[in-house]
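1. got a sequence here, can you model it:
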Amino acid sequence: MEQHTSPSARIALTGATGFVGGALARVLAAAGAHIVALARPGANRQPLAGLPITWVEGDITRPESLGRLCAGADLLVHAAGMLGQAGVPEATYHQLHVTGTQNVLAAAAAANPPPRVLYVSSPGVLGPISGPPAGEETPLAPSNPYERSKAAAEQVALAFAAQGLPLVIARPEFIYGPGDQHVLGLFRAVQQGRFFYIDRGRHTCHPTYIDDAVDGLRRCLYHGQPGEIYHITGPRPVTFRELGQALAAALGVREPWRQLPRPVAWLGAAGLELLGKLTGRAAPLSRTGVAFFSEDRRFSWQKAHQALNYTPHYDLPAGLAATVAWYRAHDLL
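-> Okay, here's the model as predicted:
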């Protein structure tokens with residue numbers, strides 16, 4: 001299977017115009033791979049300008065547009081998706097993540113020969129984790145529309161793997177870093193003194209710097225065992241209080257000091273969502289956001305370490321400092 005593991009392989013990629021997919025495309029191209037990337041009409045390809053990428057216009061929800069993507073590919077990375085956010089109907093997540101994954105993997109299975117596949121999922125399929133860091137064998141327990149759609153998409157992927165498609169699943173968690181716009185609002189809230197803790201900031205998240213995430217995804221792509229799932233995360237989970245303090249230090253501002261009980265924050269977010277619907281503006285705080293900041297998520301990366309020699313290298317201060325520097329260089333902070 002040397003053709004599937006060579007750095008100079010022909011790699012088909014969905015999600016290249018996104019944060020993670022774009023970062024992965026840069027690293028794979030720098031290693032000599034020939035990238036064939038899917039992009040919807042009108043998608044912004046400028047961040048990847050100058051790279052040796054062949055663009056295929058299409059959409060993962062339109063199966064007729066996927067044949068050219070997979071033809072002749074040695075490897076396929078399916079990284080297209082939508083992160084969890086307020087106000088998105090569950091059916092939208094399902095169409096993109098479940099139906100889209102079915103379409104992409106069907107096109108891969110129909111190729112001759114089929115490529116080796118990396119499906120990019122999320123540890124969120126396990127839902128909130130209040131005990132020790134969760135391993136890959138933890139039962140699925142998704143708690144919101146995004147997580148439910150990703151859990152269902154994983155089942156689609158595993159069904160293709162059971163039918164013989166050489167497919168590996170990676171679950172990178174809470175990725176941040178230069179180039180990201182999704183958590184920029186969190187940096188701005190701390191910078192402007194608007195960030196507050198829920199339940200004293202005692203709950204945990206598991207940040208992963210983009211360079212670590214890409215390294216882990218590459219290891220899964222080239223060396224992961226077909227049919228297996230690997231968590232790709234940062235060194236350790238942190239409390240939201242620690243995250244707030246580290247963000248303030250990286251930004252050079254006062255540490256967050258406000259805090260609210262979860263029921264109060266939940267009611268406030270519900271009111272802001274209603275006001276947002278009436279005014280047509282996005283709510284500054286949603287119930288989805290309140291849930292994120294008042295639940296625990298922590299995951300073990302030991303399986304990827306033992307099987308793939310994956311070790312995250314960026315601790316929170318280093319990763320946040322590099323991210324703040326990039327935001328400021330691009331006039332975003």
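2. buried ones in stretch 131-139?
-> When burial is assessed from 16 or more other CB atoms under 10 Å, stretch 131-139 yields the following buried residues: 133-134, 136, 138. Quick note: C-beta positions are derived from backbone N, CA and C, even for glycine.
3. same question, stretch 203-216
-> Of all the residues in stretch 203-216, those buried under the rule 16+ other CB under 10 Å are 203-216.
4. from those residues, which is closest to Pro89?
-> Pro89 has its nearest neighbour among these in Cys205, at 25.4 Å by CB to CB.
5. need the contact list for the closest one.
-> For Cys205, the contacting residues are 174, 237-238, 240, 243, 292, 297, by CB atoms under 8 Å, 6 or more residues apart in numbering.
6. inside strands: which ones of these?
-> The strands, defined by DSSP state E, take in Val238 from the contacts of Cys205.
7. measure the residue nearest to Leu285 when sequence neighbours are not counted to Pro41 for me?
-> With CB to CB, 6 or more residues apart in numbering as the criterion, Leu285 has its nearest non-adjacent residue at 4.7 Å, and that residue is Ala269. Separation of Ala269 from Pro41 (CB to CB, to the nearest Å) stands at 35 Å.
8. between those two, who's got more neighbours?
-> Neighbours per residue (other CB atoms under 10 Å) separate Ala269 from Pro41, with Ala269 holding more: 20 against 7.
9. follow-up on the earlier one: closest to Leu24 out of the buried residues of stretch 131-139?
-> Top of the list for closeness to Leu24, among the buried residues of stretch 131-139 and by CB to CB, is Glu136 at 20.6 Å.
10. that closest one contacts Ile229, correct?
-> Yes. Between Glu136 and Ile229 a contact is recorded at 4.4 Å, counting by CB atoms under 8 Å.
11. joint contacts of these two?
-> In the contact map built from CB under 8 Å, 6+ apart, the residues linked to both Glu136 and Ile229 are Arg171.
12. would you map the helices across the stretch 101-250 of the chain?
-> Counting by DSSP state H, counting those that start in this stretch, residue ranges of the helices within the stretch 101-250 of the chain are 145-162, 184-191, 210-223, 240-251.
13. and the ones you listed as CSV, adding distance to Ala25 and mean pLDDT?
-> CSV is the format used below for these (distance: least, CB to CB, whole Å; pLDDT from 0 to 100):
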stretch, distance to Ala25, mean pLDDT
helix 145-162, 21, 96
helix 184-191, 21, 94
helix 210-223, 10, 97
helix 240-251, 27, 97
